[in-house]
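A.B. asks: for reference, the sequence and a predicted model appear below.
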Amino acid sequence: MGMTDRDRPVAELGPPPSTGAALDRLIADGRVVRPIRRGLPAPLSMDGDPHALSRALDEIRGER
């Protein structure tokens, strides 16, 4: 959809441009490679107290 001001085009509303074309061009040029794995890696397991950071922030803020 286009918007005009005094019969002159001033804006255009439409779907965002596809980023796939730029990625495909970089792959064709050999500058990047497609990822082997899709999605996110598994969450890391963390040792220690899961609430330590919250308590430290509470102390800093004087909320303790």
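C.D. replies: Perfect, thanks for sending it. Everything numeric in this text was worked out from a predicted model, so none of it was measured.
A.B. asks: now the helices for the chain?
C.D. replies: 20-28, 52-61 (DSSP state H).
A.B. asks: okay, those in a markdown table with mean neighbour count and distance to residue 10 next?
C.D. replies: Bear in mind the C-beta positions are built from the backbone N, C-alpha and C, glycine included. A markdown table is the format used below for these (neighbours: other C-beta atoms under 10 Å; distance: least, C-beta to C-beta, whole Å):
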| stretch | mean neighbour count | distance to residue 10 |
| --- | --- | --- |
| helix 20-28 | 11 | 26 |
| helix 52-61 | 10 | 48 |
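A.B. asks: could these be laid out in CSV, adding distance to residue 7?
C.D. replies: Putting the helices of the chain into CSV (distance: least, C-beta to C-beta, whole Å) gives the following:
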stretch, distance to residue 7
helix 20-28, 32
helix 52-61, 58
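A.B. asks: is it possible to get TSV of these that adds mean pLDDT and distance to residue 36?
C.D. replies: Rendered in TSV, the data for those read as follows (pLDDT from 0 to 100; distance: least, C-beta to C-beta, whole Å):
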stretch	mean pLDDT	distance to residue 36
helix 20-28	86	13
helix 52-61	92	34
